[in-house]
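A.B. asks: Here's my sequence, what's the structure:
(2 chains)
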Amino acid sequence: MKSSVIVFPGSNCDRDIAVALEKMQFKNQMIWHKETTLPKSDLIVIPGGFSYGDYLRSGAIAGKSSIINEVIKAANSGCLILGICNGFQILTETGLLKGTLLRNKNLKFINKDVYIKVMNTASRFTSKYQNNQILKINIAHNEGNYFTDKKHREELQKENLIAFKYCDESGNISQNSNPNGALDNIAGIFNLKKNILGMMPHPERMVDKFISNDDGVNLFSSLIN
Amino acid sequence: MKFSVTVTLKKDVLDPQGKVVQTTLKNLGFAELRSVRQGKFFEVEVDELDQRKAEIKIKEMCEKLLVNLIIEDYKIVKI
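C.D. replies: Reported below is the predicted structural model:
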């Protein structure tokens, strides 16, 4: 499978995701944001980081860059798109995913391993997980507080578009297990066609037992299947 | 022609920064303080002599980039 990782000035998880993708046998290419065409890809990843120094709003400037038009075209023709952390913020700024990521409720940058629950395994991103499986995955962000309007909140529930929710070690989803104030503990969502996933946690940091754990591996093996 | 654009969080969106500023002002003794909302301010200058046309352009700029309409409101004023 071919993948492309889009690199913006200020992206800083691009190398990590490239290493994870290659480990999982993807043929990966790095694409600088000034490119105006994309190589044919089965998966496009928008990595984490601080594109354009988070100027204006996190993801706002990257969301209007020239390569993004190509990403939108690819997304609309069904290409798989994964946005992690800043990548999720960029996807909401492009309108490919609805809602937005507000500043963390406690106003602090949070970098820690948290527990998330897999809410829907009927997708190209999550099919190798078990329903309600609990994963331990790192988060590192200042704006991860997911927010959306009432209509979209209902759509997320009705269409089963919530991919992951923050929970505690035993899987309880409550305010106590919500690190950043996100609406309904949302950690990741799909678009309606489920070819786009945006998530705040970093699965690419969880692909090796010797440095963390391998809870992120099944996301990539779902994709390659 | 110059305009000011003020961007504020919508009423029902939590503004944790505004809340912290509010609490600090209270702690400084401003007992009459009711609430603080934090926002952003832009000064935008355009080459256009017709005010109505200029305002339409600025509105477009707001909706395309300056404002996230899901969470923010904006106000354009000629200066």
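A.B. asks: Beyond the helix or strand bottoming out on mean pLDDT in chain B, next helix or strand please.
C.D. replies: Sorted by mean pLDDT, DSSP states H and E, the helices and strands of chain B end with helix B:16-27, the least confident at a mean of 93. Downstream of helix B:16-27, the first helix or strand assigned by DSSP states H and E is strand B:39-45.
A.B. asks: ok, is the least confident helix or strand of chain B in contact with chain A or not?
C.D. replies: Yes: using CB under 8 Å from any CB of the partner chain, helix B:16-27 reaches chain A at B:P16, B:Q17, B:V20. In this view, the C-beta of every residue, glycine as well, is placed from N, C-alpha and C.
A.B. asks: Could you pull out the buried residues of that helix?
C.D. replies: The neighbour-count check on helix B:16-27 (16 or more other CB atoms under 10 Å in any protein chain shown) flags B:P16, B:G18, B:K19, B:Q22 as buried.
A.B. asks: just checking, A:I81 touches A:F88?
C.D. replies: No: if you go by CB atoms under 8 Å, A:I81 and A:F88 don't touch, sitting 10.7 Å apart.
A.B. asks: Next, show the common contact partners of those two.
C.D. replies: A:I46 (CB atoms under 8 Å, 6 or more residues apart in numbering or on different chains).
A.B. asks: And these two? Which one has more around it.
C.D. replies: Taking neighbours as other CB atoms under 10 Å in any protein chain shown, A:I81 and A:F88 compare with A:F88 leading, 30 against 26.
A.B. asks: Doesn't the more buried one lie inside a strand?
C.D. replies: No: according to DSSP: H, G, I helix; E, B strand; the rest coil, the state of A:F88 is helix, so it is not within a strand.
A.B. asks: what's the spacing between A:G83 and chain B?
C.D. replies: 16 Å (CB to the nearest CB, to the nearest Å).
A.B. asks: got it, and A:I211?
C.D. replies: 33 Å.
A.B. asks: my read is that residue is in a helix, agree?
C.D. replies: No: the assignment for A:I211, made by three-state DSSP, is coil rather than a helix.
A.B. asks: residue ranges for the helices of chain A, please.
C.D. replies: In chain A, the helices defined using DSSP state H lie at A:14-23, A:66-76, A:86-94, A:150-158, A:217-224.
A.B. asks: In a markdown table, list those along with mean pLDDT and distance to A:P203.
C.D. replies: Putting the helices of chain A into a markdown table (pLDDT from 0 to 100; distance: least, CB to CB, whole Å) gives the following:
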| stretch | mean pLDDT | distance to A:P203 |
| --- | --- | --- |
| helix A:14-23 | 97 | 8 |
| helix A:66-76 | 95 | 19 |
| helix A:86-94 | 97 | 12 |
| helix A:150-158 | 97 | 20 |
| helix A:217-224 | 96 | 5 |
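A.B. asks: B:K64: which of the ones you listed is closest?
C.D. replies: Between B:K64 and the helices of chain A, the shortest separation by CB to CB is 11.1 Å, and it involves helix A:86-94.
A.B. asks: Give me the angle between that closest one and helix A:14-23.
C.D. replies: Put simply, helix A:86-94 runs at 100 degrees to helix A:14-23, going by axes from the mean of the first three to the mean of the last three CA atoms, to 10 degrees.
A.B. asks: list the buried ones in stretch A:204-215?
C.D. replies: A:E204, A:R205, A:M206, A:V207, A:S212, A:N213, A:D215.
A.B. asks: just the helices of chain A: most buried one?
C.D. replies: Comparing those by mean neighbour count (mean count of other CB atoms under 10 Å in any protein chain shown), helix A:86-94 ranks first with a mean of 28.
A.B. asks: what's the angle from that helix to helix A:66-76?
C.D. replies: Using the same axes, to 10 degrees: helix A:86-94 against helix A:66-76 is 80 degrees.
A.B. asks: on contacts alone, who are the packing partners of helix A:86-94?
C.D. replies: Helix A:86-94 makes packing contacts with strand A:43-46, helix A:66-76, strand A:80-84, strand A:100-102, strand A:196-199 when contacts are defined by 3 or more CB pairs under 8 Å, 6 or more residues apart in numbering or on different chains; DSSP states H and E.
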